[in-house]
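Asker: only the shape, not the letters, is given here:
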């Protein structure tokens, strides 16, 4: 949330993976690293793509809201053009794919298993 969200080296690696058709994945607060990544045309890497990450209500329930530099849910929703998704209940498992199955994100720690399964599925399909 503090460093990878704005780190130019991290953003460069994400863009390199994307351009080489490799899988880009993150879970919980990890999608913060994707939130500010922009393509060569200036559009967000997440534009038009479903994305998940720690929700505002989970942040509040955990007591972290005031400690965070920004709202991850709001930033992911902005960067994706309103495509942020979350589970119907806090702490529920929720993972989504975008960019033809090569972008895989999960909402919270409970989503880690599903993210892993989606990565394995994408690898088996040669994504």
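Answerer: Structure received. Source: prediction; values computed, not measured.

Asker: middle-most residue in the chain, spatially?
Answerer: For the chain, the residue nearest the mean C-alpha position is residue 31 (3.2 Å; C-alpha atoms, centre = their mean).

Asker: Three-state assignment for it, please.
Answerer: Three-state secondary structure (criterion: DSSP: H, G, I helix; E, B strand; the rest coil) places residue 31 in helix.

Asker: from residue 126, how far out is it?
Answerer: 24 Å (C-beta to C-beta, to the nearest Å). For every residue, glycine as well, the C-beta is placed using N, CA and C.

Asker: rewinding a little: okay, the residue nearest to the centre of the chain and residue 19: tell me how far apart.
Answerer: Using C-beta to C-beta, one gets 19 Å for the distance from residue 31 to residue 19.

Asker: secondary structure element for the residue lying closest to the residue nearest to the centre of the chain once chain neighbours are set aside?
Answerer: Spatial nearest neighbour of residue 31, chain neighbours left out: residue 53 (3.7 Å); criterion: C-beta to C-beta, 6 or more residues apart in numbering. Under the assignment given by DSSP states H and E, residue 53 is not contained in any helix or strand.

Asker: now do residue 105
Answerer: Here residue 105 sits within strand 103-106, counting by DSSP H and E.

Asker: what's stretch 82-95 in contact with?
Answerer: By C-beta atoms under 8 Å, 6 or more residues apart in numbering, the surrounding residues in contact with stretch 82-95 are 27, 46, 48-53, 55, 57-58, 61, 73, 76-77, 96, 98, 104-108, 110-111, 113-115, 118.
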